[in-house]
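1. Make a model of this:
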Amino acid sequence: MIALLLPLLGAVSAAISPVRAQSVVTLIVTDPLTGIALGGADPVAYFTENALVPGRAEYAFTWQNVPWYFSSAANRDVFARAPEVYAPQFGGHDGMGVARGFVADSDPRFFTVFKQRLYLFFSAANREAFLMAPDAAAARAESLWPELSRNLSIN
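-> A predicted model of the protein is given here:
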């Protein structure tokens, strides 16, 4: 009797085993549910307000196939003219992680504007580590980014 049940149990366990999805890391960090960059924060406001300012869908702009939200039409228009200036370095991946040789998502609450560039970080600790030697960390991240970004998918 048990010999008859074993093939059946094998088929049932195969049918209910979890499916494993391949991890996909995108070039620009986006909210996994909405697909919006910076979790909906206004990238220009990091420069003008030195703060995370929520954007609004009515002021959306699509750049690199990703929607970006802005707190005003003026900020949207400024970004549209020069997105490379206002978009976060490394597609919004953790700047300190990149400097250490790996790609990690970031949290838009943890940021710094260094040499007129926006850097985001996974945590306050990573931001503080970056700020201990920002020139060295930024230079190392810049040198590693081309190789690290090679296998990231386009959004």
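2. what ranges do the strands span in this protein?
-> 56-63, 66-70, 107-114, 117-121 (DSSP state E).
3. what mean pLDDT would you report for the second one?
-> Mean pLDDT, computed over strand 66-70, is 97.
4. Okay, now the sheet partners of it, with direction.
-> Strand 66-70 has the following sheet partners, assigned by DSSP bridges: strand 56-63 (antiparallel).
5. Same question for the third one.
-> Based on DSSP bridges, the pairing partners of strand 107-114 within the sheet are strand 117-121 (antiparallel).
6. contacts for the partner strand?
-> 29, 38, 43, 46-47, 86-90, 92-96, 106-108, 110-113, 127, 130, 138 (C-beta atoms under 8 Å, 6 or more residues apart in numbering). In short, each C-beta sits where N, CA and C put it, glycine included.
7. how far does it sit from the chain's center?
-> 10 Å (C-alpha atoms, centre = their mean, to the nearest Å).
8. Check stretch 71-83 too.
-> 20 Å.
9. In that stretch, which residues are buried?
-> Buried residues in stretch 71-83, defined by neighbour count with 16 or more other C-beta atoms under 10 Å: Ser71, Ser72, Asn75, Arg76, Val78, Phe79.
10. rewinding a little: let me have the strands of the chain in JSON lines, extended by mean neighbour count and distance to Arg100.
-> Shown next, in JSON lines, are those (neighbours: other C-beta atoms under 10 Å; distance: least, C-beta to C-beta, whole Å):
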{"stretch": "strand 56-63", "mean neighbour count": "14", "distance to Arg100": "27"}
{"stretch": "strand 66-70", "mean neighbour count": "24", "distance to Arg100": "25"}
{"stretch": "strand 107-114", "mean neighbour count": "18", "distance to Arg100": "15"}
{"stretch": "strand 117-121", "mean neighbour count": "24", "distance to Arg100": "12"}
